[in-house]
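Engineer: Generate a structure from the sequence data that follows.
(chains A and B)
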2 protein chains.
Amino acid sequence: MNPLLSVVGISILSYFGSVYMIPRASESFISIGLFGRDRLKVSDQKIPESLGTVVGIIYIFAVTILTPFTLRVDALVAYLSGILSIQSMVMLGFADDLFDLRWRHKFFLPAIASIPLLLVYYVEHGVTTIVVPYYGPIDLGWLYYIYMASLAIFATNCINIYAGVNGLEVGQSIVVVCSVIANDLLYLFHDAFIGSLQPDTVRAHTISLFFVVPLLSVSLALIKFNWFPAKIFVGDAYCYFAGMVLAVAGITGHFSKTMLSLIMPQIINFLYSFPQLLKIVPCPRHRMPLMKDGLLYPSRADITDSPGSILVIMKVLKKLKLIEIYQTELSSTDSKHEIDQIENDSTDVDATKATKNAASKTNPTKKIEISNMTVITLVLVHKGPITEEELTRTLIKIQVICCVMALLARHVLAKLIFPNDNI
Amino acid sequence: MNPLLSVVGISILSYFGSVYMIPRASESFISIGLFGRDRLKVSDQKIPESLGTVVGIIYIFAVTILTPFTLRVDALVAYLSGILSIQSMVMLGFADDLFDLRWRHKFFLPAIASIPLLLVYYVEHGVTTIVVPYYGPIDLGWLYYIYMASLAIFATNCINIYAGVNGLEVGQSIVVVCSVIANDLLYLFHDAFIGSLQPDTVRAHTISLFFVVPLLSVSLALIKFNWFPAKIFVGDAYCYFAGMVLAVAGITGHFSKTMLSLIMPQIINFLYSFPQLLKIVPCPRHRMPLMKDGLLYPSRADITDSPGSILVIMKVLKKLKLIEIYQTELSSTDSKHEIDQIENDSTDVDATKATKNAASKTNPTKKIEISNMTVITLVLVHKGPITEEELTRTLIKIQVICCVMALLARHVLAKLIFPNDNI
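Structural biologist: So this is what the prediction gives:
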């Protein structure tokens, strides 16, 4: 049987298996306390959390069943080590949802999960060479392993922090996965058409399809339940799981640069968030949008007490339309009250700040806030207020545009930059 | 570096890693509701449950790190698929502890977890031949896969039901693992000594050591905390995990018959329990011993309402000293009261039976009970009342005797039965 037909068949079964299991597992998850509340909804009902674990297990089952078909493309060992890494990631992601690990611990979980993949890459004497434009191949040696581990950390955490509105985690993954599939098929069919099909190309892109097509099917099942208004939450488990599948596909398929180009919105969001993640700019506990009467508004961070240099940088960013600045007279009780209403409990006012605010009330002054530094908030600054569903749609459209551009760049422009392109 | 030295080194690290992690994870486990009470203790404190998951994850980490060393014995693929099966089992075992799955579901979890191993065995064209005494090899074909899946189901569930007193699950596993290690070393050193070392023998028994030595080290760490009086419970997760490691070692090392001979007390306990598990003989919800003043007594099952044939069989079993029968005059209020006190809440009196008992009280008659059909209860029938620690020690001594006899049979007698023994 054609390996690709088997992949499609098993993926269809995984889709229906997931649709069957998700509502059933939801009840069990709520019963053991794995649930949350949707902060962007009026209702306060319990929403089961970490359903990504369920589709993760179905996915592992699906790719395991596909093992015999990898023999055709001589990729059994790479495939098994990829499954091991993904399974480790599903476990660690579930542990994170269950125990609410600290940020500094969970950031490195993907590196731990990628160990099986890296070790097997090592014992199989995988290529550690990258192709530099206008120069040619450079052997990175052990630095290549750092590069691969970083890719795993990056892909997983990028997806994990580009989240907060119903359907976004799964929606973005679906777009990236579809782009990876398109990329694989372009290689397989283009090369087959012009008759220069290299065994290495077939092997790399077939194995990539083995990993990503089942991810597409379980993600499609998941988004049925996670789309606005969400009946389930996917959890960190899903973000880690999906990110790891992408990293594994990129590494075993030798197209890690293309993979990075396909998650550009996530990378931009990560870099844009960096000043807040590192607390250079104040960061409230939650940076989700603010909801009022069913519409979403940009959430804010209070930079009143930040050094002057931060304010200068923020003013430059505002000129570049990369941020919004809000100034409020603290002497006016009315306007302050109104802001508080919108802000709800989204900003963390810790004890020190509360004292400082109390102090500044006696000397009435201005409260200076910026829109939080996430792509989600930035879209709201320019297009808001909009509904949550409209926001998710907009963000997914941005992802589609970025992915199409990346694929065009890879398949049209790259021939010019890498004249001796090998994949 | 010598592969066996690496195994020992990583195993020592895993031991200390487990000793470090177990108390720390205990608090987190209690906080998410993963705890139980020790029914055989007076104190009612919360005891963290499912700590087998923690050592399971440390074990997976350890065997993954050892991957490069399997190249020396050309067993990478078998090794990776073994890890995948064990990791699946750790996940499913944890899910069982977390969600308290139904018995009919969890019985087959090991078969699901063994799929990676079986599939890779299939694609690698593994031997499906067994050697029959005085006949020679027989190719079982696909039946061999059923045999391997059954071995996984059997090894895991046998360990899981031979449990109930502090330290028994881990203690029995440690004895079996030590026997497997002894068996592996006997092959490796004996053959090396007489100079007839076959590559297949080295490969099979080295890979077995890769799987079981780290299991020994994490089990030794676990028993420190699980020995009487237990500060932690190991959970179904540990039983499944340890059973799966044994099954994987037996299958990849091609000594599944020897493996079965090493878990003879577990198999006997399983067969002995069978009439109660299938509800042919009434089975209370818990069959643990009864505790009174720090001593353990055999727990009982009420067979008053069972058909006469059951009573006849039980009388035969009593003659064979395989069971105890207790008869109580129900008319005497005093003696009835005393029994109730000992029984505590250990027997499940469902609504129907309660009505029947009420009816029989008007026609005073005899209450007939048997000691529950488990090896643990049987030891108490003959040696009880004894303390919980003494009971565990006795059961572990039985395991040691059985394992030594099995190894003697394998290495002394087997040469006579299998004249052309190949391993």
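Engineer: Look up how far chain B lies from residue A:220.
Structural biologist: 23 Å (C-beta to the nearest C-beta, to the nearest Å). Heads up, the C-betas are built off the backbone N, CA and C, glycines and all.
Engineer: Next: residue A:167.
Structural biologist: To chain B, residue A:167 is 27 Å away according to C-beta to the nearest C-beta.
Engineer: So that residue versus residue A:229, what's the distance?
Structural biologist: Note on residue A:167: its distance to residue A:229, by C-beta to C-beta, to the nearest Å, is 10 Å.
Engineer: Neighbour count for these two, which is higher?
Structural biologist: residue A:167 (24 against 14; other C-beta atoms under 10 Å in any protein chain shown).
Engineer: Quick check: pLDDT value at that one.
Structural biologist: pLDDT, residue A:167: 93.
Engineer: for it, what are its contacts?
Structural biologist: Each residue near residue A:167 by C-beta atoms under 8 Å, 6 or more residues apart in numbering or on different chains is listed here: A:223, A:226-228, A:230, A:389, A:392, A:396.
Engineer: Among those residues, which has the minimum pLDDT value?
Structural biologist: Within these, lowest confidence goes to residue A:228 (88).
Engineer: Assign it to helix, strand or coil.
Structural biologist: Secondary structure, DSSP: H, G, I helix; E, B strand; the rest coil: residue A:228 is coil.
Engineer: Surely it touches residue A:166?
Structural biologist: Yes. Residue A:228 is in contact with residue A:166 according to C-beta atoms under 8 Å; the separation is 4.2 Å.
Engineer: While we're on the residue of chain A found nearest chain B, how confident is the model there?
Structural biologist: Nearest to chain B in chain A, going by C-beta to the nearest C-beta, is residue A:80, at a distance of 4.3 Å. pLDDT, residue A:80: 93.
Engineer: repeat for residue A:188
Structural biologist: pLDDT, residue A:188: 85.
Engineer: What parts of chain A come near chain B?
Structural biologist: Applying C-beta under 8 Å from any C-beta of the partner chain, we find that chain A lies next to chain B at A:28, A:31-33, A:57, A:60-61, A:64-65, A:67-68, A:71, A:76-77, A:80-81, A:83-84, A:87-88, A:90-91, A:98-99, A:112, A:115-116, A:119-120, A:122-123.
Engineer: What segments of the stretch 151-300 of chain A are helices?
Structural biologist: For the stretch 151-300 of chain A, the helices defined by DSSP state H, counting those that start in this stretch cover A:168-193, A:199-226, A:235-252, A:256-262, A:264-277.
Engineer: mean confidence for the last one?
Structural biologist: Per-residue pLDDT values over helix A:264-277 give a mean of 91.
Engineer: Any buried residues in it, and which?
Structural biologist: A:264-270, A:272-273, A:275-277 (16 or more other C-beta atoms under 10 Å in any protein chain shown).
Engineer: Tell me which stretches of chain A form strands.
Structural biologist: A:35-36, A:47-48, A:129-132, A:136-139, A:290-292, A:295-297, A:300-302, A:325-329, A:366-371 (DSSP state E).
Engineer: looking at those, which one has the lowest mean pLDDT?
Structural biologist: Among these, strand A:129-132 carries the lowest mean pLDDT (a mean of 77).
Engineer: next one: stretch A:198-214 to chain centre, how far?
Structural biologist: 22 Å (C-alpha atoms, centre = their mean, to the nearest Å).
Engineer: that older thread, out of the helices of the stretch 151-300 of chain A, which is the most enclosed?
Structural biologist: helix A:235-252 (a mean of 29; mean count of other C-beta atoms under 10 Å in any protein chain shown).
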